[in-house]
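>>> After the sequence you'll find the predicted model.
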There are 2 protein chains.
Amino acid sequence: MLKLANIYPSLLFIFGVSMSAFKQLVDHSKKISHFKHLSAISGWDQATVMPSGGNQARSEAMAQLSVHIHSLQTAPELGELFDKAEQQPLDSEQQATLREMKREWQQATVLPESLVQAKSLAGFKCEHAWRTQRKDNDWQGFEKNWAEVVALSQQEAQIRAEATGLSAYDAMLELYEAGTSSASLDTLFSNVKSWLPELIDQVIEKQSHESVIAPSGHFARETQKQLGLDVMKLLQFDFDHGRLDESVHPFCGGVPSDVRITTRYDESEFVQSLMGIVHETGHARYEQGLPKALAGTPAGEPRSMGIHESQSLFFEMQVARSGAFIDHLAALAQQHFASHDAKLMSKANLQKLYTRVKKDFIRVDADELTYPAHVILRYEIEKELINGNIKHTDVPELWDTKMQAYLGLSTKDNYRNGCMQDIHWTDGAFGYFPSYTLGAMYAAQFMNAMKQSVNVDSAIQSGDLSPIFTWLGDNIWSKGSLLTTDELVKQATGETLNAEHFKQHLMTRYL
Amino acid sequence: MLKLANIYPSLLFIFGVSMSAFKQLVDHSKKISHFKHLSAISGWDQATVMPSGGNQARSEAMAQLSVHIHSLQTAPELGELFDKAEQQPLDSEQQATLREMKREWQQATVLPESLVQAKSLAGFKCEHAWRTQRKDNDWQGFEKNWAEVVALSQQEAQIRAEATGLSAYDAMLELYEAGTSSASLDTLFSNVKSWLPELIDQVIEKQSHESVIAPSGHFARETQKQLGLDVMKLLQFDFDHGRLDESVHPFCGGVPSDVRITTRYDESEFVQSLMGIVHETGHARYEQGLPKALAGTPAGEPRSMGIHESQSLFFEMQVARSGAFIDHLAALAQQHFASHDAKLMSKANLQKLYTRVKKDFIRVDADELTYPAHVILRYEIEKELINGNIKHTDVPELWDTKMQAYLGLSTKDNYRNGCMQDIHWTDGAFGYFPSYTLGAMYAAQFMNAMKQSVNVDSAIQSGDLSPIFTWLGDNIWSKGSLLTTDELVKQATGETLNAEHFKQHLMTRYL
């Protein structure tokens, strides 16, 4: 055995003293990104291939790495470097880079160390217990731990609010969707609420007269994987810079030069895993298409969680659920599962399976049409909670009321399938939920704009989807975080976010 | 997509000021081990599953990590902490821990930063070019880069010699085999040289009258893997704390709680990969058996490269090439490759395949009997080179002379299969080679001692090898680096290293 360590020489980097402040900040940013790279790969490993007995040592190593990354992000010399860099003559790309570096730095430094630590521990404790409590529908047990997570998140929001001049909730939103306010979300979501519940009812009524063949039989995992890989090829996933693997909770991880997507296979059907792969491929192609020249700086990173989700949903909802693409899916599925019932895998049946609407409890299992209702409900509750207008113990009742109003379902005493179903609040990630529906809206708007210059249907029909990816690459991926979200969307589509495109998309597809 | 980073809270560790110096050193050691953990996993990933396009960013991230680890290892406050800790009352385990921490610290700090950097870069450059130059038999090209690697290694050895009071070469040896001197190696290897060449000739003559069936046909990779996994189970590899994967160069990596071994499969035969898996399983079980209470400190690490190799060779040479174990291999191979020629997989034929002796050029392909000749040749040359008694340009001729003397083969003008065949010298890892043959010798001595109290053959025959692993666990694995190598070997076998056991083992097996 030759020790692996010998194979990797330690190339030492020298930190020049005469370097400009801006250049020093960029180098520091790249240094942080190297450690984030290691965190991403170790996290991927933990979720996909790590044997169970490795968990404790891995968690400790990753916690140590988090501490190190945090210490780099809050290094005391950065304040002075930002002051100096702001005096330098910079071109527009450098200005954007500086803006994003400063935003990240401010977000990392504004909280006292003790609060960061307390919130981490409270979230860790709450999440750990939640994994059992959720199964047991144990609201009383959960509520005790969650009280602290909420209190610490409120403190965090308050401090961020004072630093930014925003409201408490808006300051949290800023972590995931820079530049998006609750005022704009209120407008967008009010619009959606004005037509969505009725549309859902109409569609369910319409679909009740249709017959659908549900998958039955055995769909071998390895065959599903091969089918998934074929679909990823159709979507031009770059396998020199990424992989497909399995994990309990599907995700897109890794780094832009090596994007790791995962899925899980249920051998009693193949449709869910297949669309899951399409979704993660959308995330992955955004990462793979980020500007390489800006790699390692915040300006080279994805714009926001909502824009990230817009890419996965563009792939999943705009492209893959179109008739032209389902033609490909049907052909590939019939080829891989040749011994199964071909009618199940007919275009018409797959299309029905992939557009089936049902009012149900669980967000992650929700269809395209009911999904926004789940998100709006969470948004409305978490906004009031973080702004201190309601108590955490008010949440179950509020949840029940809103579920009844939006989806006609009661969650009374059903915490497991109500407010205890998601990991986000458990961990204190308040402000994250709106990104999902913002993503769906951006995706619809991008498709509408794309169709002005690209013959999308014929590109999909031809099997060469390059014109679609060229448009996304030019307008979204290659921009990284150089533009603000509003600028990005306006440059790509001629207007800022407009919920009308989402409405039109849903009407056209479902009515 | 929920960002993975949110799932891992940053558990912050507080560094107490009133903590004893010894405790602070232990905590610092554990901190370093967390980063080494990440390095091991990222290195495994790079060698096994990383897509090619991910290489540059990964190499940069790992280089940054190396720099960080080095800066932790050489932190300025450590000198004072060691001084203070040496005044503390410590029990024997703590004393050993302190001794090993100090040894690692001294080895890391003794070299000036500039030399570490220059040697890394020279090694990196030389190795990179060597990958092509070796194929092209380009000694002239190689020699130019190698001159610098040798010169810098000589400088390194000189500085380490002054710090330790050892000779230059012995100071390098100390990096891999603490406590082993070239004087003792001269004695051991002279002994081996006095009987090995004649023994090789005798065995080759004897084997020339035997007939062996060479593998033919197709041995599917997946079937080989299943066979390998079965053999790992027989060897009680702990799959809750480890994995088997594939890589171009087989290795044992990861961390004790998660040991990653690799192999490569050649579908035209299965015997090599199978024995490769046995070898790496030996390394792995040593790692898995290290003392958990000392995890993260040098006292909890493997004793030396030679002792590490003794465990892989114990598994490969002492256990797996025994008749009783080959019985198992034959049965398993016949079961997995049921459609192949059973005679090929008969016990008698496998035994012949696994003990075939041939004089040949390449160390890594060498059999048990000729292997020591390859190592002794390298030892004799590198010792003179590092001690400054010969020039690097003298090496090819010296290699040819010694190859002729020990194995009757000429490497004149055949650099590719001569002194350019290994990565060790290319990278400047002088002092490493003796570990391989020390390992073989220790393994033979351990087996001899084990047989005083354990009925090894009957344990193997029964298929429950626990008594063997209990002995190794008690005498070797659980000791970590608490004892010096001499103490470890003496406590386990009643004497320090004695080449006679190795000779007896070879005589018994091959004559």
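Yes, it's here.
>>> Helices of the stretch 201-350 of chain A, residue ranges please.
Using DSSP state H, counting those that start in this stretch, the helices of the stretch 201-350 of chain A run over A:221-234, A:271-288, A:305-313, A:323-336, A:347-353.
>>> what's the angle from the longest one to helix A:221-234?
When you say that, I think you mean helix A:271-288. Per axes from the mean of the first three to the mean of the last three Cα atoms, to 10 degrees, the angle that helix A:271-288 makes with helix A:221-234 is 40 degrees.
>>> Could I get the average pLDDT for helix A:271-288?
In this model, helix A:271-288 has an average pLDDT of 97.
>>> quick check, that helix touching chain B?
Yes: using Cβ under 8 Å from any Cβ of the partner chain, we find that helix A:271-288 touches chain B at A:280, A:283. For every residue, glycine as well, the C-beta is placed using N, CA and C.
>>> about what we covered before: which one of the helices of the stretch 201-350 of chain A has the most crowded surroundings?
helix A:305-313 (a mean of 26; mean count of other Cβ atoms under 10 Å in any protein chain shown).
>>> Run the contact check for it versus chain B.
Yes: applying Cβ under 8 Å from any Cβ, one finds helix A:305-313 in contact with chain B at A:305, A:308-309, A:312.
>>> Distance from that helix to the middle of the chain?
On the basis of Cα atoms, centre = their mean, to the nearest Å, helix A:305-313 sits 6 Å off its chain's mean C-alpha point.
>>> sorry, back to before: to residue B:256, which of the helices of the stretch 201-350 of chain A lies closest?
Taking Cβ to Cβ, helix A:221-234 is the member of the helices of the stretch 201-350 of chain A nearest to residue B:256, at 31.2 Å.
>>> Just the residues contacting the closest one, thanks.
Helix A:221-234 is contacted from outside by A:239, A:244, A:263, A:265, A:267, A:270, A:273-274, A:277-278, A:281, A:328-329, A:332-333, A:336-337, A:463, A:465, using Cβ atoms under 8 Å, 6 or more residues apart in numbering or on different chains.
>>> Could you say which one of the helices of the stretch 201-350 of chain A comes nearest to residue B:141?
Among the helices of the stretch 201-350 of chain A, the nearest to residue B:141 by Cβ to Cβ is helix A:271-288 (36.8 Å).
>>> Please name the bridge partners of the residue of the stretch 201-350 of chain A found nearest chain B.
In the stretch 201-350 of chain A, the residue that lies nearest chain B is residue A:258 (3.0 Å; Cβ to the nearest Cβ). Per DSSP bridges, the residues bridged to residue A:258 are residue A:255.
>>> quick one: contacts for it?
Taking Cβ under 8 Å, 6+ apart, we find residue A:258 in contact with A:41, A:241-243, B:50-51, B:53-54, B:57-58.
>>> Could you point out which residue ranges in the stretch 351-500 of chain A have low pLDDT?
Residues of the stretch 351-500 of chain A meeting the criterion pLDDT under 70: none.
>>> Name the residues of it found near chain B, please.
Proximity of the stretch 351-500 of chain A to chain B, by Cβ under 8 Å from any Cβ, involves residues A:423-424, A:427, A:429, A:432.
>>> Let's have the residues you listed in a markdown table, adding secondary structure and neighbour count.
Listed next are these as a markdown table, based on DSSP: H, G, I helix; E, B strand; the rest coil; neighbours: other Cβ atoms under 10 Å in any protein chain shown:
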| residue | secondary structure | neighbour count |
| --- | --- | --- |
| A:423 | helix | 17 |
| A:424 | helix | 17 |
| A:427 | helix | 23 |
| A:429 | coil | 22 |
| A:432 | coil | 25 |
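>>> Can you tell me which of the residues you listed is nearest residue B:394?
Of all those, the one with the least separation from residue B:394 (Cβ to Cβ) is residue A:427, at 64.3 Å.
>>> would you turn the helices of the stretch 201-350 of chain A into a markdown table with distance to residue B:45?
Converted to a markdown table, these look like this (distance: least, Cβ to Cβ, whole Å):
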| stretch | distance to residue B:45 |
| --- | --- |
| helix A:221-234 | 20 |
| helix A:271-288 | 17 |
| helix A:305-313 | 24 |
| helix A:323-336 | 29 |
| helix A:347-353 | 36 |
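>>> Thank you kindly, that will do.
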